[in-house]
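Q: Below are the sequence and a predicted model for it; my questions follow.
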Amino acid sequence: MKTELTIKESFKGLGRNKTRTFLMMLGIIIGIATLTIIVSAILGAKSKVMEKVAIFGFDEIAVFAGTGRVIGVPQDVPTVTLKIEDGKSILAEVNNVKAAAFSFTTHAMPVKSANKNTESPIVATTPSWVEVWDTPAVAGEFFTDEDLTSLARVAVIGQTVAKELFGSEDPVGKQVHIREVPFVVKGVLQAKGTSPWGLDMDSRIIIPLTTGQKRLLNKDYINQIKVKLRDPAKMAKTVEEIRHLLRERHNLQAGVEDDFTINTPKLVTEMATQVSTALSLFLIVISGISLIVGGIVVGNIMLISVGERKQEIGLRRALGARKKDILSQFLFESVAVTVFGGLVGVILGLGGGKLISLFTKLSMAISWEPFVLAFVFSGLVGVLAGISPARRAASLDPVEALRS
């Protein structure tokens, strides 16, 4: 029997019982739709991760006080192992360092304006923070070296803080109180969104480091040094130079653990993707189980179909159809059902993903991967589910089949 005739007979067989065909497709549709949403979510998440890593900076290195620090996880116990002099030494002695910002970042602290209150992390830093973090002021201006020297009580606030304390009003020139200490708003920062670890970067308030240390926090140490590199290709070498310099300055003998942590964009990327990867694997397993269940449904319904179509099979055999023709027909029916169900599942999955992205903050990416995965997985399920029913149909005795 020619291939065209086999395909034609297969579609006829599927069309004779549309309800049965739909039930076979349903499990595949659900499984592939779920898989499509997951793949789109994974791709969208990866894109978002790279965007957020770009906020950190692909040409920058962050040094934190204390060992074993995890970015985005606050420490309850203060670590006093970094000093301003450490940052100045890095800037002066490591050739590949273009700029450096020294800072002390606090947990959220109470902040209020005339009649509104909020809580914000406070970043006491140097004017070079603008260059290193690539976050200029979009209203007003950032504080200057003169503000740093004079311990000026000025602040540059994030977009979230501006909305919470001043609404639609221009906050520049107005006063805020941080821990009851008055500060004049000198500028409003450019919006940066959330960090790779989920923190609102627009909720920060930036003040001069000297002001923070002596007027607000009473600290003589810092907890972060962030440096911008001249040549990002030399990042690994620069990390080692900074590590060697700090160990020497901190008098750490060989075998003694670092009392600081150096993080690079690679570490930030790995950290941000680990959580999403673990969740993605879990969801993919669930989708796989759904596809397996769908395949079992297809196989069982196909077996029932073979029993119901014995006379059709016997007549075909009597008219000259060979075993392999019957085998091919039923196998094609199974694959056709699952592949078509897979394509429907992809369309529904993409539509569902679009709806999810509209009503939630979850980012979805549309690409060719879901279509390829749908074709491969649904085709594989169709073959595996159809083998047993196709063999049973092909092995029926023509005479016995006609008598049934």
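A: Yes, it's here.

Q: looking at it, Trp133 is touching Lys226, isn't it?
A: Yes. Taking Cβ atoms under 8 Å as the definition, Trp133 is a contact partner of Lys226 at 7.1 Å. (Glycine included, C-beta is placed from N, CA and C.)

Q: which residues are in contact with both of those two?
A: Common contacts of Trp133 and Lys226, defined by Cβ atoms under 8 Å, 6 or more residues apart in numbering, comprise Ala101.

Q: now the strands for the stretch 251-400 of the chain?
A: In the stretch 251-400 of the chain, the strands defined using DSSP state E, counting those that start in this stretch lie at 260-263.

Q: where exactly do the helices run in it?
A: For the stretch 251-400 of the chain, the helices defined by DSSP state H, counting those that start in this stretch occupy 265-308, 310-318, 323-359, 369-395, 398-403.

Q: could the ones you listed be laid out in TSV, adding mean neighbour count and mean pLDDT?
A: Rendered in TSV, the data for those read as follows (neighbours: other Cβ atoms under 10 Å; pLDDT from 0 to 100):
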stretch	mean neighbour count	mean pLDDT
helix 265-308	17	70
helix 310-318	18	74
helix 323-359	21	82
helix 369-395	20	78
helix 398-403	14	66
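
Q: For those helices, give me JSON lines that also has distance to Ile178.
A: As requested, the helices of the stretch 251-400 of the chain are arranged in JSON lines below (distance: least, Cβ to Cβ, whole Å):
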{"stretch": "helix 265-308", "distance to Ile178": "28"}
{"stretch": "helix 310-318", "distance to Ile178": "83"}
{"stretch": "helix 323-359", "distance to Ile178": "37"}
{"stretch": "helix 369-395", "distance to Ile178": "48"}
{"stretch": "helix 398-403", "distance to Ile178": "87"}
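
Q: Indicate which one of those is closest to Ile32.
A: Between Ile32 and those, the shortest separation by Cβ to Cβ is 2.9 Å, and it involves helix 323-359.

Q: which secondary structure elements does the closest one contact?
A: Packing partners of helix 323-359 (3 or more Cβ pairs under 8 Å, 6 or more residues apart in numbering; DSSP states H and E): helix 3-16, helix 18-56, helix 265-308, helix 310-318, helix 369-395.

Q: just to revisit the earlier point, select, out of the helices of the stretch 251-400 of the chain, the one closest to Thr67.
A: Going by Cβ to Cβ, the one of the helices of the stretch 251-400 of the chain nearest Thr67 is helix 265-308, 14.3 Å.

Q: I'd like the average pLDDT over stretch 199-212.
A: Across stretch 199-212, pLDDT averages out at 93.

Q: what comes up buried for that stretch?
A: Of the residues in stretch 199-212, those with enough neighbours to count as buried (16 or more other Cβ atoms under 10 Å) are 200-212.

Q: Span of it from start to end?
A: 22 Å (Cα to Cα, to the nearest Å).

Q: Please state the offset of it from the chain centre?
A: For stretch 199-212, the distance from its own C-alpha centre to the chain's C-alpha centre is 26 Å (Cα atoms, centre = their mean, to the nearest Å).
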